[in-house]
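Chemist: coordinates for the following, if possible.
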Amino acid sequence: MNPAIRTSGLGKRYGETVALDGLDLEIRPGEVYGYLGPNGAGKTTTIRLLLGLHRPSAGRAELFGVDAWGDPVRAHRNVAYVAGEPFLWPSLTAGETLELLSRLRASDDERSSASDIAYRERLVQRFELDVRKKVRALSKGNRQKVQLIAALATRAELLLLDEPTSGLDPLMEMVFRECVNEAKDRGQTVFLSSHILSEVEALCDRVGILRDGRLIEQGTLAELRHLSAQTVEVTFAGQAPAPPPLPGITVVATAPNTLRFQVPGELTPLIDALQGHHVLTLRSREPSLEEIFLHHYDGAHDRAGR
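Modeler: Numbering: from 1, shown residues only. Predicted coordinates for the structure are as follows:
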């Protein structure tokens, strides 16, 4: 079975600016993949190349084994896309827009059915969208709902989502997460480009971190957590002592009797250093995705081997 997405040496230049540099990526069918990076890192450029909207300057992008640029109609037959900035027809109502988008897809593959329409109506209810309002009267969040409903209702094999919850309130973000999990249960593949780390952490099987157009790290959250320090917070019975220098371990006083340690490896050196002190509590936790992300943006770690 072909990967849902495969890129080989994929690159894009705009004049002297390198937007994407040698991207090698492989995403399995049925996987939810989180694509992380700040503005300007190359996330949207990647999606535009996958959609065949831009010609690659180097390399190749394939969707289910089909060249996204060389054979765009066949490559994108089973793809649905949600943009971070919704641009829709202002004079149409939300309902008319959904119907138009459905007909455009049906004219391509003739797979529209009563069950799809019923599913779309359920999505309208779940996202609390007023389909009677014209697009010009909708807030950005409600225009985003139109995009999301249209894409999810297709049940496409691959969902390309570029900042899909932009403008949504927290309740609707939760509805979105439920829909992504349901899509995964149906075997759909989701490529989720986002800067909302909690969203990626909650949904994704694997995560890729992009910096300056290069993929600097990827893996499951469990794998990535091994690359970052764990946090250990120690509370003492009295005034916190001044610990001896511990190679690679940083320490911050968070209260008069509490120290927080960032430990990149084994805890043994820290435990040894605490002997002889009256410790009330010791709490250890794995790094969050946010901490892992910041770890890769501190300028000290670039495992891409530049």
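
Chemist: end-to-end on stretch 22-41?
Modeler: Using C-alpha to C-alpha, to the nearest Å, the end-to-end distance of stretch 22-41 comes to 13 Å.

Chemist: would you map the strands across the chain?
Modeler: Using DSSP state E, the strands of the chain run over 5-14, 17-27, 32-36, 58-63, 66-67, 79-82, 158-162, 189-193, 206-211, 214-219, 230-236, 250-255, 258-263, 279-285.

Chemist: make CSV out of these and add mean neighbour count and mean pLDDT.
Modeler: Yep, even glycine has a C-beta here, placed from its N, CA and C like the rest. Putting these into CSV (neighbours: other C-beta atoms under 10 Å; pLDDT from 0 to 100) gives the following:
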stretch, mean neighbour count, mean pLDDT
strand 5-14, 18, 97
strand 17-27, 18, 96
strand 32-36, 25, 95
strand 58-63, 20, 97
strand 66-67, 16, 97
strand 79-82, 23, 96
strand 158-162, 24, 97
strand 189-193, 25, 97
strand 206-211, 22, 91
strand 214-219, 20, 90
strand 230-236, 18, 90
strand 250-255, 12, 89
strand 258-263, 18, 88
strand 279-285, 11, 89
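
Chemist: between those, which one is nearest to residue 149?
Modeler: strand 79-82 (9.9 Å; C-beta to C-beta).

Chemist: and the closest one, which strands flank it?
Modeler: strand 158-162 (parallel) (DSSP bridges).

Chemist: between strand 189-193 and the partner strand, find me the angle.
Modeler: Interaxial angle, strand 158-162 versus strand 189-193 (axes from the mean of the first three to the mean of the last three C-alpha atoms, to 10 degrees): 10 degrees.

Chemist: what separates strand 158-162 from the chain centre, distance-wise?
Modeler: 10 Å (C-alpha atoms, centre = their mean, to the nearest Å).

Chemist: stretch 78-96 too?
Modeler: 21 Å.

Chemist: please apply the same query to stretch 213-230.
Modeler: 14 Å.

Chemist: out of the strands of the chain, which comes closest to residue 93?
Modeler: Closest among the strands of the chain, once you apply C-beta to C-beta, is strand 79-82, at 19.5 Å.

Chemist: residue closest to the middle of the protein?
Modeler: residue 34 (3.1 Å; C-alpha atoms, centre = their mean).

Chemist: how near is that one to residue 119?
Modeler: 25 Å (C-beta to C-beta, to the nearest Å).

Chemist: got it, and residue 174?
Modeler: Taken as C-beta to C-beta, the span from residue 174 to residue 119 is 19 Å.

Chemist: if you count what's nearby, which of the two comes out ahead?
Modeler: residue 119 (16 against 13; other C-beta atoms under 10 Å).

Chemist: neighbours of the residue nearest to residue 66 when sequence neighbours are not counted, how many?
Modeler: Leaving aside its chain neighbours, residue 66 sits nearest to residue 75 (4.0 Å; criterion: C-beta to C-beta, 6 or more residues apart in numbering). Neighbours of residue 75 under the rule other C-beta under 10 Å: 22.

Chemist: also residue 221?
Modeler: If we define neighbours as other C-beta under 10 Å, then residue 221 has 18 of them.

Chemist: ok, it to residue 214 distance?
Modeler: According to C-beta to C-beta, residue 221 stands 21 Å off from residue 214.

Chemist: got the domain ranges for this protein?
Modeler: Domain ranges of the chain: 5-220, 229-286, per automatic domain parsing.

Chemist: about what we covered before: what separates the residue nearest to the centre of the chain from residue 165, distance-wise?
Modeler: Distance, residue 34 to residue 165, using C-beta to C-beta: 13 Å.
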